[in-house]
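Colleague: Below is the structure, and that's it, no one-letter string:
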């Protein structure tokens with residue numbers, strides 16, 4: 001579990017050992033332009049890899065140094081090129097990662113602080129600059145790679161360069177279409193929620209503390225911070241929320257605002273041009289069993305229209321599927337987040353989808369079934385099994401998109417290595433003696449001494 005928390009935060013090793021390590025053994029082991037590589041960074045990366053993989057090769061630290069120096073070179077060049085990362089973007093990513101970790105801890109702040117030995121704000125303060133540099137490196141890498149593409153002839157040449165006995169063997173894969181429907185709240189529950197928020201608003205206007213009431217009543221993670229959503233630029237929030245928020249004066253509390261997430265009270269804390277700092281209280285109306293049954297029946301009627309050939313699956317997606325679901329703009333076809341294409345191995349599918357399609361024939365459509373999204377809201381979906389391949393050795397006809405992706409990654413690797421070699425020539429590089437024997441670092445030492 002410790003490895004999982006560290007991985008989610010995506011900032012080396014964040015556990016107590018990693019935090020203490022920085023204080024005890026830090027020293028500079030490489031300089032790349034204006035950026036420094038610390039010994040603790042190397043050791044923390046090594047500990048993280050060891051936690052994931054067990055025994056590591058002897059040259060693991062050399063490879064880690066190579067990767068860290070490449071990242072520092074990207075950050076150094078990003079700063080030279082005046083690439084910017086806003087404070088709001090850093091805060092948003094920090095908050096998102098902290099939220100994910102808290103989710104694995106059942107939103108127990110005490111457990112978080114006990115595990116990391118620091119408060120949430122202290123953890124954020126310690127890793128804020130690390131995350132900013134990570135974003136800078138990613139942005140610089142994206143700019144460097146922006147022009148890298150492959151032609152069909154390059155894909156074919158790449159495939160033909162792979163020895164026949166080294167071609168991968170692909171498992172059976174499926175393509176799945178879906179139509180997703182969100183149950184609607186009945187009028188009675190909707191009105192109860194509005195009245196509850198109006199009552200809370202009157203308490204605020206009568207002098208009660210907004211933050212205390214948010215902590216008590218709000219239905220989202222911001223309740224822990226008294227409803228505080230931090231700074232955000234125009235365009236971050238859903239339209240209904242944003243329109244209401246930008247109308248507010250400092251300290252003003254909005255009327256009840258409805259959005260796709262539920263009903264809100266919003267208070268303006270500060271405003272700087274197109275950036276606002278607000279807090280809110282969110283209450284989600286309760287979905288009753290009758291609402292769920294009505295949604296299920298609605299989706300079953302959509303299924304009957306498709307089965308009876310009254311409309312195509314694609315037409316039904318446009319008419320009835322939830323527009324906020326990613327598959328809506330892909331004719332209902334689900335995209336595999338692990339690969340970016342529409343093919344799923346059985347292990348890639350959510351269990352409820354796997355068990356639904358397991359005995360289905362290609363082209364058939366399931367009965368409606370319930371599922372929950374990442375924040376726990378209930379939806380219903382019907383799925384269509386659109387294709388199923390048999391296990392096979394890789395070939396261009398069936399696996400072109402996968403081979404194309406591999407070809408692009410190989411070309412990107414060559415491109416970034418060339419970019420590094422070119423930049424090294426014009427960048428001050430210094431490597432500590434303890435890593436001088438690493439063969440993989442030879443490209444960083446070709447000129448030995450740079451002005």
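Modeller: Here it is on my side, so go on. Keep in mind it's a predicted model, so treat the numbers as computed, not measured.

Colleague: drop to CA atoms for contacts and neighbour counts, all remaining ones
Modeller: Fine.

Colleague: Let me see the contact set for residue 190.
Modeller: residue 285 (CA atoms under 8 Å, 6 or more residues apart in numbering).

Colleague: Correction: the previous question concerned residue 322.
Modeller: Going by CA under 8 Å, 6+ apart, residue 322 touches 179, 180, 181, 182, 328.

Colleague: Swap in 6 Å and give it another go.
Modeller: Residues in contact with residue 322 (CA atoms under 6 Å, 6 or more residues apart in numbering) are 180, 181.

Colleague: Quick check: it vs residue 78, distance?
Modeller: 40 Å (CA to CA, to the nearest Å).

Colleague: now do residue 380
Modeller: With CA to CA as the criterion, residue 380 and residue 78 are 45 Å apart.

Colleague: now residue 371
Modeller: From residue 371 to residue 78 the distance is 43 Å (CA to CA).

Colleague: show me where the protein has strands.
Modeller: 28-32, 35-38, 169-170, 173-181, 228-233, 257-259, 262-272, 275-283, 344-345, 369-372, 378-388, 392-393, 429-431 (DSSP state E).

Colleague: would you turn those strands into TSV with mean pLDDT?
Modeller: Formatted as TSV, the strands of the chain follow (pLDDT from 0 to 100):
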stretch	mean pLDDT
strand 28-32	95
strand 35-38	94
strand 169-170	89
strand 173-181	96
strand 228-233	87
strand 257-259	94
strand 262-272	94
strand 275-283	94
strand 344-345	92
strand 369-372	93
strand 378-388	95
strand 392-393	92
strand 429-431	95
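
Colleague: Could you dump those strands into a markdown table and include mean neighbour count and distance to residue 192?
Modeller: As requested, the strands of the chain are exported to a markdown table (neighbours: other CA atoms under 10 Å; distance: least, CA to CA, whole Å):
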| stretch | mean neighbour count | distance to residue 192 |
| --- | --- | --- |
| strand 28-32 | 19 | 61 |
| strand 35-38 | 18 | 57 |
| strand 169-170 | 13 | 53 |
| strand 173-181 | 24 | 23 |
| strand 228-233 | 19 | 25 |
| strand 257-259 | 16 | 13 |
| strand 262-272 | 20 | 11 |
| strand 275-283 | 23 | 10 |
| strand 344-345 | 18 | 43 |
| strand 369-372 | 14 | 24 |
| strand 378-388 | 20 | 20 |
| strand 392-393 | 14 | 57 |
| strand 429-431 | 20 | 65 |
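
Colleague: And the ones you listed: which comes nearest residue 410?
Modeller: Relative to residue 410, the nearest member of those by CA to CA is strand 169-170, separated by 19.4 Å.

Colleague: partners of that closest one in the sheet?
Modeller: Strands flanking strand 169-170 in the sheet, each with its direction: strand 392-393 (antiparallel) (DSSP bridges).

Colleague: which residues sit against the partner strand?
Modeller: 169, 170.

Colleague: So what's the gap between that strand and the chain middle?
Modeller: 32 Å (CA atoms, centre = their mean, to the nearest Å).

Colleague: go on, stretch 309-322?
Modeller: Using CA atoms, centre = their mean, the offset of stretch 309-322 from its chain centre is 29 Å.

Colleague: which regions of this structure lie under the pLDDT threshold?
Modeller: 1-25, 446-451 (pLDDT under 70).

Colleague: Let me see the domain layout of it.
Modeller: Domain assignment for the chain by automatic domain parsing gives 2-145+416-444, 152-168+395-412, 171-183+288-393, 187-283.

Colleague: Buried residues of the shortest one, list them for me.
Modeller: Neighbour-count burial for domain 152-168+395-412, with 16 or more other CA atoms under 10 Å as criterion, is recorded at 155, 158-159, 400-405, 407-408, 411-412.

Colleague: What residues sit buried inside stretch 236-256?
Modeller: So for stretch 236-256, counting by 16+ other CA under 10 Å, buried means 241, 242, 244, 245, 248, 253, 254, 256.

Colleague: Against residue 259, how distant is the first one?
Modeller: Same thing as residue 241. For residue 241, the distance to residue 259 equals 6 Å [CA to CA].

Colleague: Then the fifth one?
Modeller: When distances are taken as CA to CA, residue 248 and residue 259 turn out to be 17 Å apart.

Colleague: Closest to residue 131 out of the buried residues of stretch 236-256?
Modeller: residue 242 (26.9 Å).

Colleague: Residue 334 against residue 327, yeah?
Modeller: Yes. At 5.1 Å, residue 334 counts as touching residue 327 under the criterion of CA atoms under 6 Å.
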